[in-house]
Structure formats: structure tokens, C-alpha cells
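>>> Structure of the sequence below:
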Amino acid sequence: MEGERDVERDHGATDDRSTEEDRRGWLRCLLAGAVFVVCMAGTTLPTPLYPLYQEKFGFSELTVTVVYAVYAFGVIGVLLLAGNASDTVGRRPALFLGLGFAAASAVCFLLADALGWLYAGRLLSGLSAGLFTGAATAYVMELAPKGGGSRATLVATAANMGGLGCGPLLAGLLAEYAPEPLVLPFAVHLGLVAVSLGVLVWLPETVRDRRGPAAVRPRLPALPPQVRAVFVPAAIASFVGFALFGVFTSVSPAFLARYLHIDNHAVSGLVVALAFFSSTAGQLAVDRVGVARSLPLGCAVLFGGLVLLAAALYTDVLAFVVLSAVVGGVGQGLAFRAALASVAAAAPPDRRAAVISTLFVVAYTGISIPVIGVGVLADPLGLEGAGLVFIACMLVLVASAAAYLIRRPAATGER
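Alright, predicted model coming up:
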């Protein structure tokens, strides 16, 4: 009897330790997710403030779109030159550097008395996001307890897209209801970055075999032959989804103010935030719908979001703007997560990271070149006309991807 009680006590102690380790693991996972939110929020913080910068510096819609697109160039540069940095030097050093770039970006906006500061701030923000996107996703998943991979993926997904949504929402509320609209949002973000640095100091490193920065090598885009059939529709859908987000976040505040006479920065920030929050919902739906069906379904929903955006531009009705944000966001989330899963499943294990990086390069190209194109056309055609041309081009692309997937449903790479 005595021996049985000892065994029971040992089992109880083991269970208690396991439970405590799980709690500690989830705490670390959630704190890393919170740091992820802070960084990504900084990348979209200026979105509802662009009309104020236009008024202050007197620049055109083209300049707004170029300022926005500079961010994408920073992300692409990091993905190509240092996409494997956190695998080499460790998660925390890469994230510390990312937070440093985020802080420097906030300082640039705080000091902005000329257009050059905005370009510098957006570039630094892109460098920050480029470092965080892969490293923070891996870090959140590695900090989770054993067996918690699915929930950790949810935390990382929600932190990424949720953080992007929190940026314009926070900036819009502060710009509308607090003093110093071009100062306070970035001062608050700088404070949040400082807190995040303290949290990161406390969190443990998860990469065991670390090397010095000299071991980081540029990672060129790669596309093995067996991936190409999967990659083409996945890349088109990703490009269109990110292009929709790029145009929506760069010019929608100006559209709301100029054509719908909505000058409330909180409203414009909320509309943009809805697109990102809806993307999170779309990504979560992939688990129920399945990867094979999510990619063509995402294309179809993206098509609907683009049509609603066209209706918004044509009719100047706020309800269509809101619906396009929600429907387009869901479509982007469905399509992009399915695209990512599809190309990862089709890629050989030793080339998987390079293939995924290639998909991200295509996606982030979608928030640069089409966005600048809208800016170029805005002068001769007006913002509404330029938006309709953009939508027509994107509709052709997403319809082509959907038609390809309907003809070749097995090309999703799901296994």
C-alpha cells in the first residue's frame, strides 16, 4: 500500500510539473505573439494618416503609393538577402534587430518635416517586417508546448494579420480623438516597442546550433520543376490578394475623404483594419474547408471582393467599401494560407524554405508595383478611374488562376 501511494504521488508530481511546463510554454508563446503584434502594427500605423501628410507636404496620390510601396521593397530585400538569418544567428537576435528597425521607423515619422523622412520610415518598417515575418512565426511555434503546433499556428497567424489590422485602428483612433495626430501614434508605438524589447530579453532562445552573422547568405528565389504546376495559381492568387491589400491600405483613406466626405480618421482606420481582421478569419477557415478547396474558393471570394470594390468606386457608397474590405480580406486569407500550404507540400524538403521565400517575394511584389501603377494612373484618370483599371486587371488574373485550378484540382499539392 505504501509503495502504491508513493507511485501515485510521483505520478501526481509528474502531472503537476507537466501542467506547469505547459502553462509556462503557452505564456511564452503568447508573449512572443504579442511582440509580433507590436512589430506588425507599426508597419500599417501610417495608413489613416496619409491624407494628413498630403496636406502637410502637398504631394500627389502617386507619391502616397510610392511611399507605401517602399515598405514592400524593404521586405523583399530582407527576404532575398537575409531570409535565413534567424535560422543561423538565432530567433532573438533577428527579432531584436527587427524591433530596432521598428523603433528607427517610428523615430523617422516623429521627426518628419519633409518627404524624405517618410521614405526612410517606410523602408525601415519594411526591413523590420521582413525580419519578423519568418522569424517570429517560427519562434511562436517553437515556444509552444509539445503537441500545441496547431494552436501555435493560430497564435502566429492571428498575431501577424491581427497586428497589421491593429496599426491603422490605433493610429486612426489617436489621430481623431487625441492631440498631435502625426506625433502621438508613433510615440505610443515607440513605447510599445520598448516594452517588447523587455519581453524579448526575458524569453528564451530556441535555436540551439547558432552561428555568427557572417554565416548568413543571400537566398535567391528557387522553383524546382515539380513545384511549378502548383506554384503558378498559388502565386497569382497571392499576388492579387496582396495587391488588393496594398491598394486598399494606401489609397482608401484618401478615397473616403475625397469622394465619400468621411474625414474621420478612426473610421478610415477601422475600414482598413477590417480587411486584415477578415484575412485572419479566412486563414482560420482553411482548417475546415481544406487546402485543396480553399485555394479555388479563395480566388472566387477574392473575385467577389474586387467586384464589391469596383461597386464602391463606381457608386461612392460606404457600405460597398466595408463589404469589399470584409469579403476581400476573407478571400485573401483563404487564398494565401492555402497557397502557402500547397507550395510547401509540393516542394522537396531540402528546397522548401527557398520555395516559400519565392512565394513571399511574389506576394510582396503585389503590394508594390500595382500600387504604384494606381498612383501613376490617378493623375490622368482620377483615383476612381485608376482603381477601376486596377480592379479589371486583378479580376483577369484571379479568374485565370481559378479556371486553372478548376481544370487541375490535384495541382494544389495537398497530401
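
>>> Please count neighbours and contacts with C-alpha atoms only from this point.
Will do.

>>> Low-confidence regions, the stretch 101-250 of the chain specifically.
Across the stretch 101-250 of the chain, residues meeting the criterion (pLDDT under 70) sit at 214-215, 219-222.

>>> Could you pull out the helices in this protein for me?
Along the chain, counting by DSSP state H, helices occupy 2-44, 50-57, 61-82, 85-89, 91-111, 115-143, 149-177, 184-202, 228-259, 265-289, 291-315, 318-346, 352-365, 369-407.

>>> Single out the most deeply packed of those.
Most buried of the helices of the chain, by mean neighbour count (mean count of other C-alpha atoms under 10 Å): helix 318-346, with a mean of 26.

>>> could you give the angle of it to helix 352-365?
Using axes from the mean of the first three to the mean of the last three C-alpha atoms, to 10 degrees, the direction of helix 318-346 lies 160 degrees away from that of helix 352-365.

>>> Output the contacting helices and strands for helix 318-346.
Contact here means 3 or more C-alpha pairs under 8 Å, 6 or more residues apart in numbering; DSSP states H and E; on that basis helix 318-346 packs against helix 228-259, helix 265-289, helix 291-315, helix 352-365.

>>> average model confidence for the last one?
Over the span of helix 352-365, the pLDDT mean works out to 79.

>>> Can you tell me what sits against it?
72-73, 75-76, 79-80, 83, 219-223, 231, 235, 238-243, 340, 343-344, 347 (C-alpha atoms under 8 Å, 6 or more residues apart in numbering).

>>> and Val301, what is it in contact with?
Val327, Gly328, Val330, Gly331.

>>> now, which of these sits nearest Val140?
Of all these, Val140 sits closest to Val330, with 23.4 Å by C-alpha to C-alpha.

>>> and the gap between the closest one and Ala273?
13 Å (C-alpha to C-alpha, to the nearest Å).

>>> Same question for Ala300.
22 Å.

>>> hang on, the earlier thing: looking at the helices of the chain, which is closest to Arg210?
helix 85-89 (5.1 Å).

>>> Now find how far off-centre that closest one is within its chain.
21 Å (C-alpha atoms, centre = their mean, to the nearest Å).

>>> same check, this time on stretch 126-134
10 Å.

>>> Contact partners for Ala257?
Asp263.

>>> That one and Leu111: what is the separation?
If you go by C-alpha to C-alpha, the gap between Ala257 and Leu111 works out to 26 Å.

>>> for Ser105, same thing?
10 Å.

>>> Gln54 too?
The value you get for Gln54 to Leu111, if C-alpha to C-alpha is used, is 16 Å.

>>> next one: Met161
28 Å.

>>> swap in Arg407?
According to C-alpha to C-alpha, Arg407 stands 54 Å off from Leu111.

>>> again with Ala234
In terms of C-alpha to C-alpha, Ala234 sits 41 Å off from Leu111.

>>> now for the helices of the chain, which one comes closest to Arg211?
Comparing the helices of the chain by C-alpha to C-alpha, helix 85-89 comes nearest, at 5.2 Å.

>>> residues contacting the residue lying closest to Ala32 once chain neighbours are set aside?
Excluding the flanking residues, the one nearest Ala32 by C-alpha to C-alpha, 6 or more residues apart in numbering is Val140, at 5.7 Å. By C-alpha under 8 Å, 6+ apart, Val140 lies in contact with Cys29, Leu30, Ala32, Gly33, Ala152, Thr153, Val155, Ala156.

>>> now swap in Phe96 and tell me
Leu197, Leu200.

>>> run the last query once more with 10 Å
By C-alpha atoms under 10 Å, 6 or more residues apart in numbering, the contact set of Phe96 is Ala102, Ser128, Leu131, Phe132, Ser196, Leu197, Leu200, Val201.

>>> Just the closest of these to Gly305, please.
Looking across the contacts of Phe96 and measuring by C-alpha to C-alpha, the closest to Gly305 is Phe132, at 28.3 Å.

>>> isn't the closest one right next to Phe36, touching?
Yes - if you go by C-alpha atoms under 10 Å, Phe132 and Phe36 touch, sitting 7.2 Å apart.

>>> Name the residues contacting each of these two.
What both Phe132 and Phe36 touch, as defined by C-alpha under 10 Å, 6+ apart, is the set Leu95, Leu99, Tyr139, Asn160.

>>> sorry, back to before: closest to Ala144 out of the helices and strands packed on helix 318-346?
helix 265-289 (18.4 Å).

>>> wait, Val321 sits on Gly329?
No - between Val321 and Gly329 there is no contact under C-alpha under 10 Å: 11.9 Å.

>>> Mutual contacts of the two, please.
By C-alpha under 10 Å, 6+ apart, the residues touching both Val321 and Gly329 are Val272, Gly305.

>>> and Glu180, how many neighbours?
11 (other C-alpha atoms under 10 Å).
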